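1. Need the 3D shape of this:
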Amino acid sequence: MKDNIAVLILAAGASSRMKVQKQLLPWGDTTLLGNTIATIEEAGYRSIYVVVGSDAKNVAQEAIKNNTQIVLNPNWEQGISSSIAAGISEIKGLHYEGVLIVLADQPFLLSTDLFRLKKTFLEVGDKIIASKFIKMNKPSVPAIFRKTMFDQLLALKGDKGATQLFSKHKKSVVEISIQSEFLDIDTIEEYQKSLKIFSKNKYQKK
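-> From the prediction side, this is the model:
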């Protein structure tokens, strides 16, 4: 199987619990979104699409600094599934073998984590390759879905996103252990705690 995987970074939400556009919050010498893009690039992915919605202009400006392609989700208020659908609609006819779905606010992901997802997908391409975080008892994104599941991704509804397919296809999910404590960042308190961990160099990119 060719290494031909598109990446969808979901960055369309309004971050209502934080009351600021969290994708654009500072992280080192970049932003949460910029850090995510850099990690994906370090892992060897080349076709990166950023799905924008709330504050689309500013989020898109940050994304295109990093040589990504922009997908506008005009229905972003309908939940994360609408962003997945917008992204899949963009790539469906472009002959990708699969799609990696990533959140914009997962700053402790390592490029090695994303590389392991890709390596496993290329070895067992008929499976869903999902992340298993150390404090979670169920699979999560980042996850790679094969192209035969694009229609199911398009049909998702609501704010649970791609996790709905993990339950539906339990026997087809391969879990890759991720050592990060944080699935994502949803509150100012989580962001501040994450910055303290980052500043102490607890996590080192590889």
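
2. looking at the sheet around Leu103, what are its partners?
-> Here Leu103 sits in beta bridges with Leu10, going by DSSP bridges.

3. how much space between it and Thr30?
-> According to CB to CB, to the nearest Å, Leu103 stands 16 Å off from Thr30. To be clear about C-beta, it is placed using only N, CA and C from the backbone, and glycine gets the same treatment.

4. quick one: buried residues of the helix or strand of the chain with the lowest mean pLDDT?
-> Ranked by mean pLDDT, DSSP states H and E, the helix or strand of the chain with the weakest confidence is helix 188-199, at a mean of 89. Buried residues in helix 188-199, counted by 16 or more other CB atoms under 10 Å: 190-191, 194-195.

5. How about stretch 26-40?
-> 27, 30-40.

6. Check stretch 67-74 too.
-> Quick answer for stretch 67-74 (16+ other CB under 10 Å): 68, 70-71, 73.

7. measure that stretch end to end?
-> Distance between the two ends of stretch 67-74: 22 Å, counting by CA to CA, to the nearest Å.

8. same deal with stretch 91-103?
-> 18 Å.

9. pLDDT on that stretch, on average?
-> Stretch 91-103 comes out with an average pLDDT of 95.

10. residue contacts, the residue nearest the centre of the chain?
-> Against the mean C-alpha coordinate of the chain, by CA atoms, centre = their mean, the closest residue is Val102 at 0.7 Å. Residues in contact with Val102 (CB atoms under 8 Å, 6 or more residues apart in numbering) are 7-10, 36, 40, 109, 114, 141-142.

11. Poorly predicted segments of the chain, please.
-> Across the chain, the ranges flagged by pLDDT under 70 are 1-3, 181-183, 201-206.

12. Next, format the buried residues of helix 188-199 as TSV and append distance to Lys92.
-> As requested, the buried residues of helix 188-199 are exported to TSV (distance: CB to CB, whole Å):
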residue	distance to Lys92
Glu190	34
Tyr191	34
Ser194	34
Leu195	38
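
13. State the number of residues packed around Ala143.
-> A count of neighbours around Ala143, defined by other CB atoms under 10 Å, yields 26.

14. shift numbering so it begins at 267
-> Understood, numbering begins at 267; the last thing we discussed is Ala409.

15. ok, and the closest non-adjacent residue to it?
-> Nearest residue to Ala409, sequence neighbours excluded (CB to CB, 6 or more residues apart in numbering): Ala396, at 4.1 Å.

16. same thing with Leu360?
-> Here the residue nearest Leu360, using CB to CB, 6+ apart, is Ala272, at 7.2 Å.

17. That neighbour and Phe399: what is the separation?
-> 23 Å.

18. okay, the two: which has more neighbours?
-> Ala272 (25 against 21).
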